[in-house]
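Asker: just coords:
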(Lines give C-alpha, C1' and ligand atoms only; values in the text may rest on other atoms or scores of the structure.)
Protein backbone atom coordinates (compact mmCIF):
# COMPACT_ATOMS: atom_id res chain seq x y z
CA UNK A 1 0.00 0.00 0.00
CA UNK A 2 1.24 3.47 -0.85
CA UNK A 3 1.89 5.44 2.37
CA UNK A 4 0.28 8.52 0.81
CA UNK A 5 -3.06 6.75 0.27
CA UNK A 6 -5.55 5.67 2.91
CA UNK A 7 -7.61 2.53 2.38
CA UNK A 8 -11.20 3.09 1.27
CA UNK A 9 -13.37 4.05 4.23
CA UNK A 10 -10.53 5.26 6.44
CA UNK A 11 -10.74 9.00 7.08
CA UNK A 12 -7.83 9.26 9.52
CA UNK A 13 -4.23 8.28 8.98
CA UNK A 14 -3.09 4.79 9.89
CA UNK A 15 -0.31 4.26 12.43
CA UNK A 16 -0.71 7.72 13.93
CA UNK A 17 -2.29 8.96 17.11
CA UNK A 18 -5.28 11.26 16.88
CA UNK A 19 -6.84 13.48 19.52
CA UNK A 20 -10.49 12.51 19.07
CA UNK A 21 -11.95 15.73 20.47
CA UNK A 22 -9.86 17.77 18.02
CA UNK A 23 -11.10 15.88 14.94
CA UNK A 24 -14.53 17.55 15.02
CA UNK A 25 -15.72 20.99 16.12
CA UNK A 26 -19.03 21.99 17.65
CA UNK A 27 -21.55 23.96 15.61
CA UNK A 28 -24.15 26.26 17.21
CA UNK A 29 -27.55 24.57 17.62
CA UNK A 30 -26.43 21.54 15.62
CA UNK A 31 -25.27 17.95 15.58
CA UNK A 32 -22.12 17.37 13.51
CA UNK A 33 -20.75 13.98 12.48
CA UNK A 34 -17.66 12.65 10.77
CA UNK A 35 -17.14 9.01 9.80
CA UNK A 36 -13.54 8.18 10.61
CA UNK A 37 -13.56 4.50 9.66
CA UNK A 38 -15.82 2.26 7.60
CA UNK A 39 -15.54 -1.39 6.58
CA UNK A 40 -17.82 -4.34 5.89
CA UNK A 41 -18.06 -5.16 9.60
CA UNK A 42 -17.90 -1.78 11.36
CA UNK A 43 -18.42 1.96 11.06
CA UNK A 44 -16.85 4.41 13.51
CA UNK A 45 -18.33 7.91 13.57
CA UNK A 46 -17.39 10.91 15.68
CA UNK A 47 -20.27 13.19 16.74
CA UNK A 48 -20.47 16.59 18.38
CA UNK A 49 -23.74 17.87 19.86
CA UNK A 50 -24.39 21.42 20.96
CA UNK A 51 -26.19 21.72 24.31
CA UNK A 52 -29.84 20.73 24.00
CA UNK A 53 -29.39 18.98 20.66
CA UNK A 54 -30.21 15.34 20.13
CA UNK A 55 -31.25 12.48 17.92
CA UNK A 56 -34.87 11.35 18.06
CA UNK A 57 -35.76 7.78 18.93
CA UNK A 58 -34.74 5.24 16.32
CA UNK A 59 -33.29 1.74 16.19
CA UNK A 60 -30.49 0.07 14.29
CA UNK A 61 -30.04 -3.51 13.11
CA UNK A 62 -26.62 -3.68 14.77
CA UNK A 63 -25.15 -3.24 18.23
CA UNK A 64 -23.72 0.25 18.73
CA UNK A 65 -21.10 1.31 21.26
CA UNK A 66 -21.13 4.91 22.50
CA UNK A 67 -17.88 6.26 23.97
CA UNK A 68 -18.34 9.71 25.50
CA UNK A 69 -15.26 11.84 24.80
CA UNK A 70 -16.31 15.04 26.55
CA UNK A 71 -19.40 16.56 28.10
CA UNK A 72 -22.63 14.95 29.33
CA UNK A 73 -25.42 13.11 27.54
CA UNK A 74 -28.63 11.28 28.34
CA UNK A 75 -29.17 8.15 26.28
CA UNK A 76 -32.63 6.62 26.30
CA UNK A 77 -32.37 2.93 25.46
CA UNK A 78 -35.50 0.81 25.47
CA UNK A 79 -37.28 3.50 27.49
CA UNK A 80 -34.58 3.65 30.19
CA UNK A 81 -32.66 6.94 30.63
CA UNK A 82 -28.93 6.35 30.99
CA UNK A 83 -26.76 9.37 31.86
CA UNK A 84 -23.16 9.21 30.60
CA UNK A 85 -20.17 11.51 30.93
CA UNK A 86 -16.66 11.87 29.57
CA UNK A 87 -14.73 8.61 29.70
CA UNK A 88 -17.78 6.36 29.92
CA UNK A 89 -19.00 3.75 27.46
CA UNK A 90 -22.50 2.38 26.81
CA UNK A 91 -23.63 -0.48 24.55
CA UNK A 92 -26.89 0.06 22.70
CA UNK A 93 -28.24 -3.34 21.61
CA UNK A 94 -29.45 -4.04 18.09
CA UNK A 95 -33.16 -3.50 17.37
CA UNK A 96 -33.79 -1.64 20.66
CA UNK A 97 -35.13 1.91 20.22
CA UNK A 98 -32.74 4.58 21.47
CA UNK A 99 -32.42 8.37 21.52
CA UNK A 100 -29.64 10.84 22.35
CA UNK A 101 -30.01 14.16 24.20
CA UNK A 102 -27.11 16.50 24.99
CA UNK A 103 -27.31 17.72 28.61
CA UNK A 104 -24.38 20.00 27.74
CA UNK A 105 -22.09 20.18 24.73
CA UNK A 106 -20.69 16.72 24.23
CA UNK A 107 -18.73 14.57 21.82
CA UNK A 108 -19.01 10.84 21.32
CA UNK A 109 -17.45 8.11 19.25
CA UNK A 110 -20.08 5.71 17.90
CA UNK A 111 -18.98 2.25 16.77
CA UNK A 112 -21.56 0.27 14.79
CA UNK A 113 -20.71 -3.41 14.62
CA UNK A 114 -22.37 -5.16 11.69
CA UNK A 115 -21.10 -8.65 12.39
CA UNK A 116 -23.06 -9.90 15.38
CA UNK A 117 -21.72 -12.50 17.82
CA UNK A 118 -23.26 -15.93 17.48
CA UNK A 119 -25.95 -16.80 20.01
CA UNK A 120 -24.94 -19.39 22.58
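Answerer: Structure received. Keep in mind that what you see is a predicted model, and the values were worked out from it rather than measured.

Asker: ok, and the closest non-adjacent residue to residue 110?
Answerer: residue 45 (4.9 Å; C-beta to C-beta, 6 or more residues apart in numbering). C-beta: built from backbone N, CA, C; applies to glycine.

Asker: which residues does the one you found contact?
Answerer: 33-36, 109-110, 112 (C-beta atoms under 8 Å, 6 or more residues apart in numbering).

Asker: now those in CSV, with pLDDT and neighbour count?
Answerer: As requested, those are exported to CSV (pLDDT from 0 to 100; neighbours: other C-beta atoms under 10 Å):
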residue, pLDDT, neighbour count
33, 94, 14
34, 93, 14
35, 92, 14
36, 91, 18
109, 97, 19
110, 97, 18
112, 95, 19
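
Asker: any idea which of those is closest to residue 88?
Answerer: residue 109 (11.7 Å; C-beta to C-beta).

Asker: how near is the closest one to residue 93?
Answerer: Separation of residue 109 from residue 93 (C-beta to C-beta, to the nearest Å): 18 Å.

Asker: and if you look at residue 70?
Answerer: 25 Å.

Asker: same check on residue 37?
Answerer: Counting by C-beta to C-beta - residue 37 and residue 93 are separated by 22 Å.

Asker: same thing with residue 106?
Answerer: Counting by C-beta to C-beta - residue 106 and residue 93 are separated by 22 Å.

Asker: swap in residue 112?
Answerer: Taking C-beta to C-beta, one finds residue 112 at 12 Å from residue 93.

Asker: before we move on, what about residue 41?
Answerer: From residue 41 to residue 93 the distance is 17 Å (C-beta to C-beta).

Asker: and what of residue 19?
Answerer: 30 Å.

Asker: same question, residue 113
Answerer: 11 Å.

Asker: what is in contact with these two at once?
Answerer: Between them, residue 113 and residue 93 share the contacting residues residue 63, judged by C-beta under 8 Å, 6+ apart.
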